[in-house]
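> Take a look and give me a structure for this.
(one chain, ligands or ions: 1)
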Amino acid sequence: MSSAKRPVVGEKAYHLLIGRGEVPRYVLLPGDPGRVPKIAAAWEEARELARNREFTTYVGRYKGAPIAATSTGIGSGSTAIAVEELLWAGADTFIRVGTTGALRREIRLGDVVIGTAAVRWDGASRWYAPPEYPAVAHWRVVSALVEAAEALGVRYHVGVVASTDSFYVGQERPGHGGFLPPWAKGLVDTLRSLGVLSFEMESATIFTLASIYGARAGGVYAAIANRETDEFAAEVGVEDAIRVANEAVKILHDLDQANRS
Ligand code: URA
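Residues are numbered from 1 along each chain as shown. Predicted coordinates for the structure are as follows:
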């Protein structure tokens, strides 16, 4: 039996099935479990540590940096669980690697977006902090992502994203039978007028929890949709987002090592 307040199975966190000390500090966070082995394909060492529900975790090494990747599932509920259990297991630096729906014409399909902050239209972060509390990425992670994109020659855009728990109606896509309630009408224009770059679904949760807990977080997303041009292409740019995220971990690891000595 374990405490109901901190449920474990054996010595493992209840959902992710990972133990304390089993993950390094740097963890990439895709939504899709299928992306975890794709991320790990570029590592010189990789092994599956755990797999349960939507959560698959690999650990390994990329260019000498200890690294892990854990899938969060889609949206804030499962993402908050993943971040909590990863922190408990020993992680302190998170990079979301995902896809995004661009709101601006100049963001072409396949470009990557690097998030500096996220509009908190998720659900889980409301349980942690009042709405005035910002969901900001850590400046060092943003800087490492930009440096990685530059080094790899990937086309990128840097700015605020909007995280919603709803892919369809919450991103002003008509639901079943054309359903679109009044409060969802105009979301795209509103965000665009505020300079927001794109929609995605997990970063507000990751950034908020990381700030509260003194951890570091950032996000890099492949633009697979453009709401201005009304184009969509699944998976375009995902390889680039993964390359940028892996490289950013190496950059952060080198910096952290240098700052320690
Ligand atoms: N992810 C989202 O949340 N929205 C999109 O349009 C594309 C990817």
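> helix or strand for residue 56, which one?
Assigning secondary structure by DSSP states H and E places residue 56 in strand 55-62.
> hmm, who's touching the helix or strand following that strand?
Once the chain leaves strand 55-62, the next helix or strand it forms, by DSSP H and E, is strand 65-70. The contact list for strand 65-70 (CB atoms under 8 Å, 6 or more residues apart in numbering) reads 16, 18, 23-30, 35-36, 39-40, 43, 49, 55-61, 82, 86, 91, 97, 246, 249-250, 252-254. Yep, even glycine has a C-beta here, placed from its N, CA and C like the rest.
> on that earlier part again, please name the strands paired to the strand holding residue 56 in the sheet, noting orientation.
Note on strand 55-62: by DSSP bridges, its sheet partners are strand 45-52 (antiparallel), strand 65-70 (antiparallel).
> Let me know the average pLDDT across the first one.
Strand 45-52 comes out with an average pLDDT of 98.
> biggest helix in the chain, by residue count?
helix 238-260 (DSSP state H).
> Now it: buried residues?
By 16 or more other CB atoms under 10 Å, the buried positions in helix 238-260 come out as 238, 240-253.
> I'd like the strands paired with strand 55-62 laid out as a markdown table, including mean neighbour count and distance to residue 8.
Rendered in a markdown table, the data for those read as follows (neighbours: other CB atoms under 10 Å; distance: least, CB to CB, whole Å):
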| stretch | mean neighbour count | distance to residue 8 |
| --- | --- | --- |
| strand 45-52 | 16 | 13 |
| strand 65-70 | 26 | 17 |
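> need the ones you listed in a markdown table with distance to the ligand, can you?
A markdown table is the format used below for the strands paired with strand 55-62 (distance: least, CB to the nearest ligand atom, whole Å):
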| stretch | distance to the ligand |
| --- | --- |
| strand 45-52 | 24 |
| strand 65-70 | 18 |
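> Please identify which of these is closest to residue 222.
When the strands paired with strand 55-62 are compared by CB to CB, strand 65-70 sits nearest residue 222, at 15.7 Å.
> Quick check: nearest residue in space to residue 56, chain neighbours excluded?
Distance criterion CB to CB, 6 or more residues apart in numbering; nearest residue to residue 56, sequence neighbours excluded, is residue 33 at 4.0 Å.
> Now do the contacts for that neighbour.
So residue 33 contacts 51, 54-56, 71 (CB under 8 Å, 6+ apart).
> Just confirm residue 21 contacts residue 91, I think it does.
No: using CB atoms under 8 Å, residue 21 is not in contact with residue 91, being 10.7 Å away.
> Please say which of those two ends up with more neighbours.
residue 91 (23 against 8; other CB atoms under 10 Å).
> got the residues of the stretch 151-261 of the chain near the ligand?
167, 171, 199-201, 224-225 (CB under 6 Å from any ligand atom).
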